[in-house]
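>>> here is the input, now give the coordinates:
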Amino acid sequence: MTHLDAGAEVDSVPPGPPPATGLTAAEVAERVAGGQVNDVPVRSSRSAVDIVRANVFTRFNAIIGVLWVIMLFVAPIQDGLFGFVILANTGIGIVQEWRAKRTLDSLALIGEVRPTVRRDGTATEVGTSEIVLDDVIEIGPGDKVVVDGVCVETDSLEIDESLLTGEADPVVKRPGDPVMSGSFVVAGGGAFRATKVGREAYAAQLAEEASRFTLVHSELRSGISTILKYVTWMMVPTAIGLVISQLVVKDNDFKDSVARTVGGIVPMVPEGLVLLTSVAFAIGVIRLGRKQCLVQELPAIEGLARVDTVCLDKTGTLTEGGMDVTGLTPLNGADEASLRRVLGALGASDPRPNASLKAIVAACPDHDGWRPTSALPFSSARKYSGATLADGDGRAGTWLLGAPDVLLPDDDPALAETERLNEQGLRVLLLARAARDLDDPEVAQGAEPAALVVLEQRLRPDAADTLRYFAEQNVRAKVISGDNAVSVGAVASKLGLSGAVVDARRLPGERDAMGAALEEGTVFGRVAPQQKRDMVGALQSRGHTVAMTGDGVNDVLALKDADIGVSMGSGSEATRAVAQIVLLNNSFATLPSVVAEGRRVIGNITRVATLFLVKTVYSVLLAIMVVVSQVEYPFLPRHLTLLSTLTIGVPAFFLALAPNKERARPNFVRRVMRYAIPGGAVAALATFATYLLAREHYTGAGALDAETSAATLTLFLISLWVLAIIARPYTWWRVALVAAMGAAFLLVLVVPWLQDFFALKLVGVTMPWIAVGVAAVAAATLELMWRWVDRRVPA
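Numbering: from 1, shown residues only. As a prediction, the model looks like this:
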C-alpha cells in the first residue's frame with residue numbers, strides 16, 4: 001500500500017547516487033570507460049564468424065574437401081564438379097543466414113526493452129545494453145528487472161521472482177531489499193540502483209548459454225544430426241572396403257581406380273541436407289520479418305507448426321488494448337456526479353493505470369474535492385485496486401474498484417445486473433466503499449456497493465478470421481482470461497468460438513482432473529496468473545503441444561512454460577522477454593503466417609530429407625555389392641554429380657521453399673527412414689542388376705564406359721521416379737520441375753560435347769532398353785512398396 005501524502009518509502013536507502021537524480025553524465029562516462037556496462041549476449045542472433053564457421057567447418061565438408069583435392073590431382077575437372085557444388089552450397093548457406101541475422105537484429109532493435117533510468121535528475125529511456133553500474137532504474141507494473149540491484153524507492157512494490165526461484169507468491173519489496181534480474185513487477189512501482197550488470201547479473205549467468213542462437217535444438221535439426229551420425233557409421237567401413245577393393249584387388253589404371261573410389265564415397269554424404277534446413281529456417285525468418293514478426297528463438301517457427309492447442313488471453317489478443325466506459329449505474333441511491341469524482345480520484349492515485357483505469361480516467365477526468373492519501377495498486381491475483389480519498393473537509397473514505405464477483409457476496413442483488421451485462425460481452429467493475437482500512441488484508445469484507453462501471457472492449461478485426469484458421473487446421477483454441485467467465489464467453493461467441501464456458505475458480509487443483517476439465521471447456525474466466533501456468537502444464541501432461549499468447553504481466557508464467565510463447569509488441573516488457581515470438585505489429589492475424597511458415601519448413605524438409613537419404617542408402621549398398629562382387633565401381637564422380645544435381649540438388653531447393661499446409665508430426669527420423677531405406681534398396685539392386693547385365697553384354701575396349709552409361713540410365717530413371725513420388729500432390733510447377741529434370745538428362749544423352757564431358761554414351765539398342773525396363777520394374781516396385789509402408793509402418 002502506498003501512502004501518497006507522505007511520498008514513497010525512501011528509508012534505508014543504500015549508499016550510491018541520490019535516488020532522485022541518479023548518475024551524472026560524467027559518472028556514466030567514467031563507468032562506460034571502465035567497462036561497467038550491461039553488456040549481455042543478443043538472444044536471437046549469432047556473429048558473422050559463427051555463421052561462417054557453422055557453414056564451412058563441418059564434418060562432411062572436411063570429407064568432401066579432402067576427396068576434392070585428391071580428384072583435382074588425379075582426374076579431369078569434370079570429376080571434381082562435386083567440389084564446386086559444395087562451395088556454392090556453403091556460399092548460399094552463409095548468405096541466407098547472414099540475411100536472417102540482419103532481419104533478426106533489426107527487429108530485435110524495434111522490440112527492444114528500453115528501461116527508464118534517472119540521469120542528471122531526468123528520467124530517460126535507454127537501451128538495456130546502455131545501463132551502467134549504479135544507474136537508478138524506475139520500474140512499474142509489467143516491467144522486467146533487467147539487472148540486479150537494490151531498491152531505493154518503493155510504492156507498494158510487488159515483484160514476481162518465480163521464474164528464478166520457483167516461489168509462486170509475489171514478494172513485497174521495501175527500500176534496501178535486493179531485486180534480481182529476470183524477475184518482474186506485478187503491482188506497484190519504485191526505483192532500484194543497479195549493483196550488478198552484464199554477465200555478472202543473476203539472470204544473465206543463468207541464461208547466457210540458453211540465450212545463444214538456438215537453431216540446433218529443434219527436433220528437425222536434432223533428427224538430422226541423428227541421421228548424419230548413422231550415415232557416418234555406415235560410411236566409414238564401407239568406404240574402407242571400397243578403397244581396398246578398387247585400389248588393391250582390381251588391376252586397373254591407378255588414376256581411374258582412385259576416381260571410381262571417390263565416385264563411390266562422395267554420394268554417401270547427404271551434404272545438402274543440413275544446408276537446406278538452415279536455408280529453409282533462414283528464409284522463414286526473413287519472410288516473417290517482413291510481417292513484423294520477431295522470432296527470438298528459431299525453433300519457434302518449427303514449434304508453432306507442431307502446436308495442436310493454442311491458449312489465448314482475451315485482453316490484448318482477441319480484443320484491442322483500449323476500452324471505453326459505456327455506462328455508470330449508481331447503486332443504493334448514490335449520487336452519480338459524486339461517484340464520477342471518486343472514480344477520477346481513483347484514477348489519479350495510480351501512476352501507471354491499466355487499460356480499464358485509463359478508460360475510467362478518460363470518462364471521469366474531474367476529481368475536484370477528492371484527494372488520494374494512500375493507494376493499493378491493482379493485482380491480477382487480488383482482482384481489485386483501491387485508495388483512501390480525503391474530501392475538502394478532511395473527511396476520508398476508503399474505496400475499492402474491481403471484479404463484482406470477488407468484492408460482493410454470492411447473494412448480492414447487484415450480481416444479477418452484472419451477469420446480464422456480462423452476457424452482452426461487456427466488462428463490469430464494481431466501485432465499493434470499504435468499511436475497513438486499506439492496509440487490512442480483509443479490506444474487501446463488508447464493502448458497500450456504490451456503482452457498476454460498464455466498459456466495452458474493442459474486438460480485434462482480424463481475431464475471428466484467425467480463430468477460423470486455427471479451427472480449419474485442427475488446432476483447438478482455449479480462451480484463458482482473468483475476466484468474468486460469462487463476459488469472456490460472450491466475447492468468444494461474437495468471434496465465432498463455441499464451447500463450454502467455465503469459471504476457473506471451480507476447476508480442480510489436481511493436474512489430471514484439471515486436464516480433463518480443460519479438454520471439455522473452451523472458455524475459462526477468472527483465471528489467476530498461477531492457474532494459467534497450471535492449465536498449460538495440465539494440457540501438456542495430456543500430450544498436447546501448447547502455444548500461449550498474451551500481453552500482460554499475468555501471462556508471463558504461462559508464456560514461459562508453454563511450448564511456444566507468443567507476445568504482442570505492445571505487451572509488457574516481461575512478456576516480450578520470455579516469449580519466443582513477438583508480434584511487433586500487435587496483429588493477432590500474423591499467427592497463421594508463423595504456423596504456415598513452420599509447416600512449410602518441417603513438411604518440405606521431411607520431403608527433401610527423403611530424397612537425400614535415398615541417395616545415401618543406394619550409394620552405401622552399391623559400394624557393399626561392389627566390394628562383395630569384386631568388380632569395378634560403376635560410376636565416376638561426374639556421373640553422380642549429374643544425377644545428384646538433376647534428381648536432388650535443384651529440385652530440393654524448389655521443394656524446400658514451396659507452400660506446405662500439412663500439420664507437422666513427430667518422429668521425423670522414423671518418417672524419413674521408412675521411405676529412404678526401401679527406396680534406396682530398390683535403386684541399388686536395380687542399378688547393380690543393370691550393371692551386371694551390361695558386363696555380360698559388352699566386351700572389348702570401351703566396355704566399362706558402356707556399362708557405366710547403362711547403369712547411369714537405370715539409376716537416373718529410378719531417382720527421377722523417387723522425385724516424382726516425393727513431389728506429390730502435383731501442381732503445374734511440380735510436374736514442370738520433374739519434366740525439366742528429365743529433359744536436362746535427355747539433353748546430356750543427345751548433345752555430343754555433353755556426352756563427352758560427362759562420359760555418357762549409350763551403346764547399341766538392346767542394353768539401353770534393358771536398362772529402361774529394369775528401371776520401370778523398379779519404379780513399379782517402389783510404388784507398391786511405399787504404399788505398403790504407408791499402411792503397415794506407422795509414422
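
>>> can you pull the contacts of the residue nearest the centre of the chain?
Nearest to the mean C-alpha position of the chain, counting by C-alpha atoms, centre = their mean, stands Ala300 at 1.5 Å. Shown in contact with Ala300 (C-beta atoms under 8 Å, 6 or more residues apart in numbering): 564, 580-581, 594. Bear in mind the C-beta positions are built from the backbone N, C-alpha and C, glycine included.

>>> out of all residues in the protein, which is the farthest from the middle?
No residue in the chain sits farther from the centre than Gly700, which is 62.1 Å out by C-alpha atoms, centre = their mean.

>>> pretty sure that residue is in a strand, no?
No: counting by DSSP: H, G, I helix; E, B strand; the rest coil, Gly700 is not part of a strand but coil.

>>> and it, how far is that from Gly764?
Distance, Gly700 to Gly764, using C-beta to C-beta, to the nearest Å: 13 Å.

>>> repeat that for Trp753.
The gap separating Trp753 from Gly764 is 22 Å, by C-beta to C-beta.

>>> compare the two (neighbour count), which wins?
Neighbour count, other C-beta atoms under 10 Å: between Trp753 and Gly764, Gly764 has more, with 11 against 7.

>>> got the phi and psi for Pro372?
Phi and psi for Pro372, reported as degrees, to the nearest 10, are phi -70, psi 130.

>>> so who does the closest residue to it other than its chain neighbours touch?
Nearest residue to Pro372, sequence neighbours excluded (C-beta to C-beta, 6 or more residues apart in numbering): Ser349, at 3.7 Å. Counting by C-beta under 8 Å, 6+ apart, Ser349 touches 4, 372, 375, 387, 389.

>>> give the rounded mean pLDDT of the strand or helix carrying the third one.
Taking DSSP states H and E as the criterion, Ala375 maps to strand 370-376. Model confidence over strand 370-376, given as mean pLDDT, is 81.

>>> tell me which residues of it are tucked away?
370-376 (16 or more other C-beta atoms under 10 Å).

>>> likewise stretch 719-731?
Those would be 719-727, for stretch 719-731 by 16+ other C-beta under 10 Å.

>>> inside helices: which ones of the residues you listed?
719-726 (DSSP state H).

>>> how about those residues in JSON lines, adding pLDDT and distance to Arg119?
Formatted as JSON lines, those follow (pLDDT from 0 to 100; distance: C-beta to C-beta, whole Å):
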{"residue": "Ser719", "pLDDT": "93", "distance to Arg119": "67"}
{"residue": "Leu720", "pLDDT": "94", "distance to Arg119": "68"}
{"residue": "Trp721", "pLDDT": "94", "distance to Arg119": "70"}
{"residue": "Val722", "pLDDT": "93", "distance to Arg119": "65"}
{"residue": "Leu723", "pLDDT": "93", "distance to Arg119": "63"}
{"residue": "Ala724", "pLDDT": "93", "distance to Arg119": "67"}
{"residue": "Ile725", "pLDDT": "91", "distance to Arg119": "66"}
{"residue": "Ile726", "pLDDT": "89", "distance to Arg119": "61"}
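
>>> take those and lay them out in TSV including distance to Ala780.
Shown next, in TSV, are those (distance: C-beta to C-beta, whole Å):
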residue	distance to Ala780
Ser719	15
Leu720	14
Trp721	9
Val722	13
Leu723	16
Ala724	13
Ile725	12
Ile726	17
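
>>> from the residues you listed, pick the one nearest Glu97.
For these, the minimum distance to Glu97 (C-beta to C-beta) is 25.5 Å, reached by Ile726.

>>> so the closest residue to that closest one other than its chain neighbours is in which element?
Spatial nearest neighbour of Ile726, excluding adjacent residues (C-beta to C-beta, 6+ apart): Arg607 at 5.2 Å. Secondary structure from DSSP H and E places Arg607 in helix 591-629.

>>> mind listing what's buried in that helix?
For helix 591-629, the neighbour count (16+ other C-beta under 10 Å) marks 591-627 as buried.

>>> and for stretch 21-35?
Going by neighbour count (16+ other C-beta under 10 Å), the buried part of stretch 21-35 is 22-23, 27-28, 31.

>>> repeat that for stretch 58-76.
Of all the residues in stretch 58-76, those buried under the rule 16+ other C-beta under 10 Å are 58, 60-61, 63-64, 67-68, 71, 75.
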